[in-house]
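> Need coordinates for the below:
(2 chains)
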Amino acid sequence: DAGVIQSPRHEVTEMGQEVTLRCKPISGHDYLFWYRQTMMRGLELLIYFNNNVPIDDSGMPEDRFSAKMPNASFSTLKIQPSEPRDSAVYFCASSLSGGGQGAFSNQPQHFGDGTRLSIL
Amino acid sequence: SQQGEEDPQALSIQEGENATMNCSYKTSINNLQWYRQNSGRGLVHLILIRSNEREKHSGRLRVTLDTSKKSSSLLITASRAADTASYFCATVGYSGGGADGLTFGKGTHLIIQP
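The predicted model follows:
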């Protein structure tokens, strides 16, 4: 079975440019998460969706970041304009719903292999 | 803010030895999860332990949970070179409006020396 698929695997671009990261979750999963990982801050949750609807975007650092999930099989994370401090590895993860409050919390999350983003 | 904090930050042992990693967290939880991350890859779910469980086993993995101390430990027995990776604990925080999402610690980097 295909896991979570992210593209591109690596992205190098100059500051000020628009960056779009893509994610295809596992079919049938109804939660999708975007994370950012850096040495200094570790793994941070940016935003998550349930049934394509954004539930909590409090982790999105600034208005330069936006995320969409137009359908159950595709999500994007966009940074416009990009800055050097946005350099990090960005992960997408998906999970099933286990029911109840915080329904995803009792389900394992399945991660893609990430996009390593470098902003020069 | 970090909900889970792993200890130690780094651990180097000989192949065949047991490796123990600890995790402390701050708020009440429904469950705690452990993940592994190999270099350059995404996180892989290892095991989930519920708040009403004290110990759980999966193959060479043993996880304990002490909710009174807000801590958990991950034991890997008979370590192998392939166990070299970073290990993270993760919990879900709850605010007034509901779950806040899965929060990860900064991980323990485990190196198994052949």
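> Next, the buried residues of the helix or strand hosting A:Thr20.
Assigned by DSSP states H and E, A:Thr20 falls within strand A:19-24. Within strand A:19-24, the residues scored as buried using 16 or more other C-beta atoms under 10 Å in any protein chain shown are A:Val19, A:Leu21, A:Arg22, A:Cys23, A:Lys24. Placement of C-beta: from N, CA and C, glycine included.
> same check, this time on stretch A:26-42
For stretch A:26-42, a neighbour-count test (16+ other C-beta under 10 Å) marks A:Ile26, A:His29, A:Asp30, A:Tyr31, A:Leu32, A:Phe33, A:Trp34, A:Tyr35, A:Arg36, A:Gln37, A:Gly42 as buried.
> My reading is that the fifth one is in a strand; is that accurate?
Yes: counting by DSSP: H, G, I helix; E, B strand; the rest coil, A:Leu32 falls inside a strand.
> residues contacting it?
Residues near A:Leu32 by C-beta atoms under 8 Å, 6 or more residues apart in numbering or on different chains: A:Cys23, A:Pro25, A:Tyr48, A:Phe49, A:Met69, A:Ser75, A:Cys92, A:Ala93, A:Ser94.
> so what's A:Pro25 scoring on pLDDT?
Looking at A:Pro25, its pLDDT stands at 98.
> Tally up the residues packed near it, please.
25 (other C-beta atoms under 10 Å in any protein chain shown).
> is it true that it touches A:Gly3?
No: assessed by C-beta atoms under 8 Å, A:Pro25 is found out of contact with A:Gly3, at 9.3 Å.
> Save the buried residues of stretch A:26-42 as TSV, and put in distance to B:Gly59 too.
Converted to TSV, the buried residues of stretch A:26-42 look like this (distance: C-beta to C-beta, whole Å):
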residue	distance to B:Gly59
A:Ile26	23
A:His29	25
A:Asp30	29
A:Tyr31	27
A:Leu32	29
A:Phe33	26
A:Trp34	31
A:Tyr35	26
A:Arg36	31
A:Gln37	26
A:Gly42	27
